[in-house]
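Visitor: Next input, structure requested:
(4 chains)
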There are 2 protein chains.
Amino acid sequence: MVNGRATIFDVARVAGVSHATVSRVVNGRQNVRDETRERVEVAMRDLGYVAHVSARALARGRTQVIGLLAQEVDNAFFTAVIGGVDQQASAQGYDFMLCTTHARREKEAQYVARLSRGMVDGLLIVLPRGLPDYVEQLRTDDFPFVLIDYDDEAPGCGVVNASNHRGTRDAIRYLVGLGHRRIGFITGRDNVGATHSRLAGYRDEMAAAGLDVRPGDVLEGDFMETRGHGAAIEMLSRPERPTAIFASSDMAAFGVMRAADDLGIEVPGELSVVGFDDIPEAARVNPALTTVRQPLREMGRVAVNQLLGRLDDPRQEPARVVLDTELVVRGTTAPPPP
Amino acid sequence: MVNGRATIFDVARVAGVSHATVSRVVNGRQNVRDETRERVEVAMRDLGYVAHVSARALARGRTQVIGLLAQEVDNAFFTAVIGGVDQQASAQGYDFMLCTTHARREKEAQYVARLSRGMVDGLLIVLPRGLPDYVEQLRTDDFPFVLIDYDDEAPGCGVVNASNHRGTRDAIRYLVGLGHRRIGFITGRDNVGATHSRLAGYRDEMAAAGLDVRPGDVLEGDFMETRGHGAAIEMLSRPERPTAIFASSDMAAFGVMRAADDLGIEVPGELSVVGFDDIPEAARVNPALTTVRQPLREMGRVAVNQLLGRLDDPRQEPARVVLDTELVVRGTTAPPPP
DNA sequence: GCACGTCGTGGAAGCGCTTACAAGTGCTGC
DNA sequence: GCAGCACTTGTAAGCGCTTCCACGACGTGC
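Guide: I've put the predicted structure just below:
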């Protein structure tokens, strides 16, 4: 009895058995006589026994917890993924531990080191930037992990991401179909794989449509509202401004809409705007945002499944799973002005 | 060496000392000769030693982790609080473990039981519904916890909340000042303390202004968009409809705005709308929402501080901290139509 | 009637760490 | 020159649990 809480020994004493037997009952082992099991269960109930998590983890070498590394929690992109992870993990009897890295590389590495030493059984890393050293470490340690939304080469790593390239092509094709010829592009944060894929999708589709991409048509962003706003102001202040802008995230697209508002440019009459992600807010802004939907929750769920699969059977090979995106047409897109 | 990872014994062997000495170095104890410390540090670096979290927790009886119970993570209210907790906990060298309860009572109780047995050192519970049994249990076990946004009697519990009553009065007074005489009110979820305080604030201020609250002026909500929409449709479809509606959360206020839109009622020209919370979206909707700001992040921070204070000194008395709200006037409020 | 297998149970080791205690060293002060 | 001290280090116990192994009781087949 420590801290007012009963231990397995207290239960054993009350039930008149050894603590090994109590352990068997707690873990549902079959080789316990019914009458003994009963006595133990009564004792457990009377004492309000709950197994000590750290002790169990130490003895078993398993915590039944998975670690989840994400940059922020004040951000609809991450919360959607987290929501999916939450749902699936809890359905499978796992808890998860959320660690926010605030996009700081050293914090990420530090968490990985600690978590992988007895804190969690496996790791989910959302939107890792580049392929950091610690991934190498995890691989050599044979510690199970899955990268979420990492759209670059990652040999030997479990990865879940969306069809960034194709999703962007779809969006650009749609804009071209509406009649747009001059389409601006605001990138995501550099050193994130999805950023390159989306840019490549844009370039490929523009080329396929026989359209020029002039200098200044592609501006650098970071997925955030502020940078999106700044880039849009720059794009829209030039003499030959684009009639449509594709932003690499919904948040950045909101920045574009605000910029248009600042400059008195009407959306969608004078400017079409397309985002990427389809966070809940996208449907709520006015006009509602046309965007490329990523199945964020599902990415979380799929990642959990892959991770747990590898926990159950370590020989299971890490795989890359690519989920389909879908163009959601709403109110921010229209044919260009004549 | 287990799992490819070095233990304290491996480090001891390489450094030619006992594992106790390694432990001293790891924990920064002073009574170690410099030269010895050096040798140990080299060995640790060479082996990439990281202390095993569960083992340490078991030996110390402390995990350096705090538990955070919240309903959802797909919700700006909770993510703001979580963001504050995150910031403060990490500043103080603590990790936190987020557990989502999806507002299910038994899940909450289950988490509390597990977490409080060796998983975390203390518990933060956001928006508990009623004062559940497990709170009693925690109190008798002397397990440290703080309730966030619990605006009801809670003897002997650490509590952090905002000035719900006063914040609501401020908002109603402002509407009355604009000339509104008929003001509708949509409540929060029942069995949440803040719900009652806000309603009381409304009634008190209406009474102070000498205004009637007629049946049908107060409708039940649950903080969510959908219920807010439904309640507003009901309120606005009646012959003598209110000229202003106060919703007990921003999400519910968004529902009201959508309802007004559905019915062709102009905001703020024909209807003023006020929310509560000031989540980031409130500033982004069109027109931007007038609302009562709760310092959500700060509530998270303050709660962490109180919790850690009690971990450091268990004799410290649990307290209730009430943080000020602030009326933020934006675009959804105006004088009533003549 | 005996060897043998099965079942239920307890003893004991071990998971990786912290820490109380003991023991050894070299120094001071008388 | 020796008691006494400070400082460093090692030994061992213990945190609460899981699980291997052994042992006794019992039932089976010959």
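Visitor: Helices along chain A, start to end?
Guide: A:8-15, A:19-26, A:34-47, A:53-60, A:76-91, A:105-115, A:133-141, A:164-178, A:193-208, A:225-237, A:250-262, A:280-284, A:296-312 (DSSP state H).
Visitor: Tell me which of those helices approaches B:G201 most closely.
Guide: helix A:280-284 (27.5 Å; C-beta to C-beta). Where C-beta positions appear, they are placed from N, C-alpha and C, glycine not excepted.
Visitor: Excluding chain neighbours, what is closest to A:R241?
Guide: Spatial nearest neighbour of A:R241, chain neighbours left out: A:M235 (6.4 Å); criterion: C-beta to C-beta, 6 or more residues apart in numbering or on different chains.
Visitor: right, and the one you found touches A:V218 too?
Guide: No - when contacts are counted by C-beta atoms under 8 Å, A:M235 is not listed as touching A:V218 (9.5 Å).
Visitor: Need the residues touching each of these two.
Guide: The contact sets of A:M235 and A:V218 overlap at A:G184, A:I186 (C-beta atoms under 8 Å, 6 or more residues apart in numbering or on different chains).
Visitor: Just to check, A:I125 is in contact with A:L147?
Guide: Yes - judged on C-beta under 8 Å, A:I125 makes contact with A:L147 at a distance of 5.3 Å.
Visitor: hmm, back to that, want to throw the helices of chain A into a markdown table with mean pLDDT and distance to A:R320?
Guide: Listed next are those as a markdown table, based on pLDDT from 0 to 100; distance: least, C-beta to C-beta, whole Å:
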| stretch | mean pLDDT | distance to A:R320 |
| --- | --- | --- |
| helix A:8-15 | 94 | 44 |
| helix A:19-26 | 95 | 39 |
| helix A:34-47 | 94 | 45 |
| helix A:53-60 | 94 | 31 |
| helix A:76-91 | 93 | 17 |
| helix A:105-115 | 87 | 20 |
| helix A:133-141 | 87 | 14 |
| helix A:164-178 | 98 | 13 |
| helix A:193-208 | 95 | 11 |
| helix A:225-237 | 96 | 29 |
| helix A:250-262 | 96 | 25 |
| helix A:280-284 | 87 | 27 |
| helix A:296-312 | 95 | 10 |
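Visitor: Of all those helices, which one comes closest to A:F185?
Guide: It is, among the helices of chain A and with distance given as C-beta to C-beta, helix A:193-208, at 4.9 Å.
Visitor: need the residues of chain A near DNA strand D, please.
Guide: Residues of chain A lying close to DNA strand D (C-beta under 7 Å from any atom of the strand) are A:2-3, A:7-9, A:19-20, A:23-24, A:26-27, A:49, A:51-52, A:55-56, A:58-60.
Visitor: Most proximal residue of the stretch 151-300 of chain A with respect to chain B?
Guide: Nearest residue of the stretch 151-300 of chain A to chain B: A:N286, at 4.1 Å (C-beta to the nearest C-beta).
Visitor: Just give the closest residue to that residue, not the sequence neighbours.
Guide: Closest residue to A:N286 apart from its sequence neighbours, by C-beta to C-beta, 6+ apart: B:N286 at 4.1 Å.
Visitor: tally of neighbours for that neighbour?
Guide: Counted with other C-beta atoms under 10 Å in any protein chain shown, residues neighbouring B:N286 total 15.
Visitor: Who are the contact partners of it?
Guide: Applying C-beta under 8 Å, 6+ apart to B:N286 gives the contacts A:V285, A:N286, B:G331.
Visitor: Specify which member of those is nearest to B:A15.
Guide: Of the contacts of B:N286, the one sitting nearest to B:A15 (C-beta to C-beta) turns out to be A:V285, at 60.2 Å.
Visitor: ok, the closest one - contacts?
Guide: A:F254, A:M257, B:R284, B:V285, B:N286.
Visitor: Would you mind putting those residues into JSON lines with distance to A:R301 alongside?
Guide: JSON lines is the format used below for the contacts of A:V285 (distance: C-beta to C-beta, whole Å):
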{"residue": "A:F254", "distance to A:R301": "27"}
{"residue": "A:M257", "distance to A:R301": "31"}
{"residue": "B:R284", "distance to A:R301": "28"}
{"residue": "B:V285", "distance to A:R301": "30"}
{"residue": "B:N286", "distance to A:R301": "33"}
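Visitor: of all those, which two lie farthest apart?
Guide: Across the contacts of A:V285, the longest distance by C-beta to C-beta is 12.2 Å; it joins A:M257 and B:V285.
Visitor: ok so, going back, pick out whichever of the contacts of B:N286 sits closest to DNA strand C.
Guide: A:V285 (50.5 Å; C-beta to the nearest atom of the strand).
Visitor: what sits opposite A:V146 in the beta ladder?
Guide: A:L124, A:G158 (DSSP bridges).
Visitor: Could you give the number of residues near it?
Guide: For A:V146, using other C-beta under 10 Å, the count is 28.
Visitor: I figured it hits A:R301, correct?
Guide: No - the pair A:V146 / A:R301 is not scored as a contact, 11.5 Å apart, by C-beta under 8 Å.
Visitor: who's in contact with A:I233?
Guide: Applying C-beta under 8 Å, 6+ apart to A:I233 gives the contacts A:A259, A:D262, A:L263.
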